[in-house]
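**Student:** Any chance you can model this:
(one chain, ligands or ions: 1)
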Amino acid sequence: MKQVAIVTGASRGIGASIAQRLARDGFAVVVNYAGNAAEAGKVVDAIAADGGTAIAIQADVAKAADVRALFDQTIGQLGRVDVLVNNAGIMPPQLPHLGATDDDTFDRLVAVNLKGSFNTMREAAAKLQSGGRIINFSSSLVGTLLPGYSAYVATKAGVEAMTSVLAKELRGKNITVNSVAPGPTATALFLDGKTPELIERLAKMAPLERLGQPEDIAGAVSFLAGPDGSWINGQTLRANGGMV
Ligand code: NDP
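**Tutor:** You can find the predicted model right below:
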């Protein structure tokens, strides 16, 4: 039986690339999505065309009942869960300074990025196989702390903190918990609402002088999910071309 990886938010962007990479690594992959069934279906089809195994399951990670069903359907259809990649996340295109941030924006960021990661980690703590891996998603903005990102960065700093605590709480279960913290990466989440000049300026912040591509981040996740990552636990890996 193949090992099974759930990738949240895998219909687009970084998550779609992670799903395809983990399928090539030999995992049966659950392509989770919130609303975009057509895009999730395309990722499943691409994996199947490449000889891999994948299914799509809808679940809003902000809803605990959806996340419970995501794990139960995965175990029902694929038999087990070995890897959770907590990639689903949101970042509104326009983020004002803290003083001008409205309640809805703050609450939605917390619900998806922080509570969503909590919901999936809670299920994983109970249902992952021995030898399992949990890979959370932070952001290199936790390091740069740029103006305009206070609410977003608070959710990601919380994810990093939960990562280290859960790694300790899973003592004896042979499950590692780590975070990946990308820098600017060429997806809708980063590109939407930015001028070409701003994109160029942010891309040049890294000494490698380019944006990350989803495949760059998928490579870091593949390392943490695979045999070579087995001794890394409770850490946050910044994958950002050296920006911070
Ligand atoms: P995208 O906006 O390109 O894709 C987001 C994905 O998350 C989609 O598949 C979307 O599903 C899914 N999603 C959104 N909300 C939910 C939800 N409530 N429940 C389940 N799935 C949901 O984002 P990226 O690929 O850029 O980002 C992936 C992760 O990387 C995020 O956690 C982000 O914070 C982090 N990150 C990204 C950076 C970047 O520069 N791109 C930099 C640092 C961190 P659907 O298609 O159904 O809407």
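
**Student:** Can you report how many residues lie near T176?
**Tutor:** 22 (other C-beta atoms under 10 Å). Every C-beta, even on glycine, is put in place using the N, C-alpha and C of the backbone.

**Student:** Please report phi then psi for the closest residue to it other than its chain neighbours.
**Tutor:** Distance criterion C-beta to C-beta, 6 or more residues apart in numbering; nearest residue to T176, sequence neighbours excluded, is N233 at 4.2 Å. Phi and psi for N233, reported as degrees, to the nearest 10, are phi -150, psi 130.

**Student:** can I assume N233 is in contact with K173?
**Tutor:** No - counting by C-beta atoms under 8 Å, N233 stays clear of K173, with 11.4 Å between them.

**Student:** Enumerate the residues of this protein near the ligand.
**Tutor:** 8-15, 32-36, 39, 60-62, 87-91, 112, 116, 137, 139, 182, 184-185, 187-190 (C-beta under 6 Å from any ligand atom).

**Student:** Can you flag which of those residues belong to helices?
**Tutor:** Mapping the residues of the chain next to the ligand onto helices (DSSP state H) picks out G13, I14, G15, E39, G116, A188, L189, F190.

**Student:** Could you tell me which of those residues count as buried?
**Tutor:** The neighbour-count test (16 or more other C-beta atoms under 10 Å) marks G13, I14, G15, E39, G116, L189, F190 as buried among these.

**Student:** rewinding a little: pick out whichever of N233 and K173 has more residues nearby.
**Tutor:** The residue with more neighbours, out of N233 and K173, is N233; 17 against 13, by other C-beta under 10 Å.

**Student:** Go ahead and build a PyMOL selection from the buried members of the residues of the chain next to the ligand.
**Tutor:** What follows is the PyMOL syntax for the buried subset of those, where burial is set by 16+ other C-beta under 10 Å:
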select buried, resi 8+9+10+11+12+13+14+15+32+33+34+39+60+61+62+87+88+89+90+91+112+116+137+139+182+184+185+187+189+190
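
**Student:** Now R210. Nearest residue, chain neighbours left out?
**Tutor:** A203 (5.6 Å).

**Student:** What count of nearby residues applies to that neighbour?
**Tutor:** If we define neighbours as other C-beta under 10 Å, then A203 has 19 of them.
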